[in-house]
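Enquirer: all I have is the shape, not the residue letters:
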């Protein structure tokens, strides 16, 4: 039985029936704890015990978590860690912090969660940093082309004490957001169905002239223009339709995003261009964080660290075993079931792309944004600093082998 069938044993109606009794957050937290197939009866029983645990005593703080389009089902495909973080924080604070988890775009979407957190409508949010860069432009700092050679270097940077000075502090100062943790993948081009019967992409030039969806990231557009990939801004929620109707040739995003968002039926090839970050992160309102008692702030940080380490291991496993982003591909994965072929470009082609668009080889393309980001960061050279840290780990290091560190403790 394929993964998608296993996860869809519970219908939306059943989920809402259980949620009607125990509340959506208790139901989702219970569902998120299942490692596969579940029946209505065992979901109801897990939701009941979750509810009883969560409401054993009154909460000191109830925090709204706007999780864009995520739910218990698709968080088992892209392991972004949102439910694990919520569950761990509630347990760690013995219920003093209670999380109201609101996913499925019910309170905010990929582009709006950041603004709703800044406005105080939600307290915590999960969305990609690239989509959130519209409301928090400093998040562009992660999006210089080819700054990260692989996923291991992304995790290494997020755990690095200098990520505090280069990423987290400026984000908090400028945009009022506390960056907690993130999943890490690198973006490629996800080609639509017109490429289904064509040979696998092996050369960069086969992508030249294609028209591709771009996220909210301003820096991503610089790279795409330089690579002749014709960026077209399309909201994440509309990307599926755009691919289905052939309005765009492809979309720049990462493999597990295709799988979790039900885009696999309209994608034929997942081209691993690795040209900039795909980071599904969780951030919190700095004002809300500052309003917590000291020991609860410590708990938030420890849960963020725990979630970061969890995501690092779980998403690496899910890419191979759940998504099917590997060669050879495992049967029963989302990509295998829908005939999505991963296209891993040779190093020589990645190098060509790098020479066409990265700040290292084409500094003039990036000057304006680089100056702006450097100024916001208090004068440090953001690209050079992150580039150097990213190369402290070997290019071929397995991402799951990166040592987790508490970044805020130096």
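Expert: Good, I have the coordinates. Since the model is a prediction, treat every value here as computed from it, not as a measurement. Numbers count the residues shown, from 1 in each chain.
Enquirer: excluding its backbone neighbours, what's nearest residue 226?
Expert: Closest residue to residue 226 apart from its sequence neighbours, by C-beta to C-beta, 6 or more residues apart in numbering: residue 357 at 3.7 Å. All C-beta spots, glycine's among them, are computed from the backbone N, C-alpha and C.
Enquirer: you'd agree that neighbour is up against residue 146?
Expert: Yes: with contact defined as C-beta atoms under 8 Å, residue 357 counts as touching residue 146 (7.4 Å).
Enquirer: which neighbours do these two have in common?
Expert: Counting by C-beta atoms under 8 Å, 6 or more residues apart in numbering, the shared contacts of residue 357 and residue 146 are residue 275.
Enquirer: where does the residue nearest to residue 226 land on pLDDT?
Expert: You'll see residue 357 listed with a pLDDT of 98.
Enquirer: pick out the residue closest to the middle of the chain.
Expert: With distances taken as C-alpha atoms, centre = their mean, residue 280 lies nearest the centre of the chain, 1.6 Å away.
Enquirer: my read: that one touches residue 181, true?
Expert: No: using C-beta under 8 Å, residue 280 makes no contact with residue 181, being 9.9 Å away.
Enquirer: per-residue confidence at residue 378?
Expert: 98.
Enquirer: now for it: which residues touch it?
Expert: residue 170.
Enquirer: any idea how far it lies from residue 372?
Expert: Separation of residue 378 from residue 372 (C-beta to C-beta, to the nearest Å) stands at 13 Å.
Enquirer: again, but for residue 285
Expert: Residue 285 is 24 Å from residue 372, where distance means C-beta to C-beta.
Enquirer: what do you get for residue 201?
Expert: As judged by C-beta to C-beta, residue 201 and residue 372 stand 34 Å apart.
Enquirer: which one's more surrounded, these two?
Expert: Neighbours per residue, other C-beta atoms under 10 Å: of residue 201 and residue 372, the larger number sits with residue 201, 23 against 16.
Enquirer: partner residues bridging the closest residue to that one other than its chain neighbours?
Expert: Once flanking residues are discounted, residue 201 sits nearest to residue 343: 4.4 Å by C-beta to C-beta, 6+ apart. Note on residue 343: beta-bridge partners by DSSP bridges are residue 271.
Enquirer: and the pLDDT at residue 343?
Expert: 98.
Enquirer: now do the contacts for it.
Expert: By C-beta under 8 Å, 6+ apart, the contact list for residue 343 reads 200-202, 269-272.
Enquirer: tell me, how many residues neighbour residue 267?
Expert: 26.
Enquirer: wait, it sits on residue 192?
Expert: Yes: contact criterion C-beta under 8 Å: residue 267 and residue 192 qualify, at 6.6 Å.
Enquirer: overlap of the contact sets of these two?
Expert: Common neighbours of residue 267 and residue 192 (C-beta under 8 Å, 6+ apart) are residue 243.
Enquirer: what's the local residue count around residue 27?
Expert: Neighbours around residue 27, by other C-beta under 10 Å: 28.
Enquirer: need the contact list for it.
Expert: Counting by C-beta under 8 Å, 6+ apart, residue 27 touches 15, 18-19, 43, 47, 50, 72.
Enquirer: mind doing that once more with 10 Å?
Expert: 10, 14-21, 43-44, 46-48, 50-51, 72, 101 (C-beta atoms under 10 Å, 6 or more residues apart in numbering).
Enquirer: repeat for residue 248
Expert: 191-192, 210-214, 230-232, 234, 238-239, 241-242.
Enquirer: quick one: the strands in the stretch 201-350 of the chain?
Expert: Ranges of strands in the stretch 201-350 of the chain, per DSSP state E, counting those that start in this stretch, are 212-214, 231-233, 250-253, 269-271, 277-278, 280-285, 341-343.
Enquirer: that older thread, show me the contacts for the residue nearest to residue 226.
Expert: Here residue 357 is in contact with 144-146, 222-229, 275-276, 365-366 (C-beta under 10 Å, 6+ apart).
Enquirer: likewise for residue 403?
Expert: Per C-beta under 10 Å, 6+ apart, neighbours of residue 403: 155-156, 159, 309, 393.
Enquirer: equivalent analysis for residue 222, please.
Expert: 140, 143-145, 231, 276, 357, 359, 362, 365-366, 368-369.
Enquirer: narrow those to those in helices?
Expert: Using DSSP state H, the members of the contacts of residue 222 that fall within helices are 357, 365-366, 368-369.
Enquirer: what is the neighbour count of residue 298?
Expert: Neighbours of residue 298 using other C-beta under 10 Å come to 14.
Enquirer: how close does it sit to residue 153?
Expert: For residue 298, the distance to residue 153 - C-beta to C-beta - is 28 Å.
Enquirer: same question, residue 236
Expert: 25 Å.
Enquirer: output the below-cut-off pLDDT ranges for the stretch 1-150 of the chain.
Expert: Counting by pLDDT under 70, the stretch 1-150 of the chain shows low-confidence ranges at 1-9, 34-37.
Enquirer: before we move on, back to that, my read: the residue nearest to the centre of the chain touches residue 187, true?
Expert: No: between residue 280 and residue 187 there is no contact under C-beta atoms under 10 Å: 11.6 Å.
Enquirer: picking that back up, most neighbours among the contacts of residue 248, which one?
Expert: Within the contacts of residue 248, most neighbours by other C-beta under 10 Å means residue 191, with 28 neighbours.
Enquirer: would you mind measuring from it to residue 227?
Expert: Distance from residue 191 to residue 227, counting by C-beta to C-beta: 14 Å.
Enquirer: and the contacts of the helix or strand containing residue 45?
Expert: In the assignment (DSSP states H and E), residue 45 maps to helix 40-54. Contacts of helix 40-54 with the rest of the structure, by C-beta under 10 Å, 6+ apart, involve 9-11, 13-15, 17-19, 21-34, 38-39, 72, 87, 90-91, 94-95, 98-99.
Enquirer: quick one: that helix to chain centroid distance?
Expert: In terms of C-alpha atoms, centre = their mean, to the nearest Å, the centre of helix 40-54 is found 28 Å from the chain centre.
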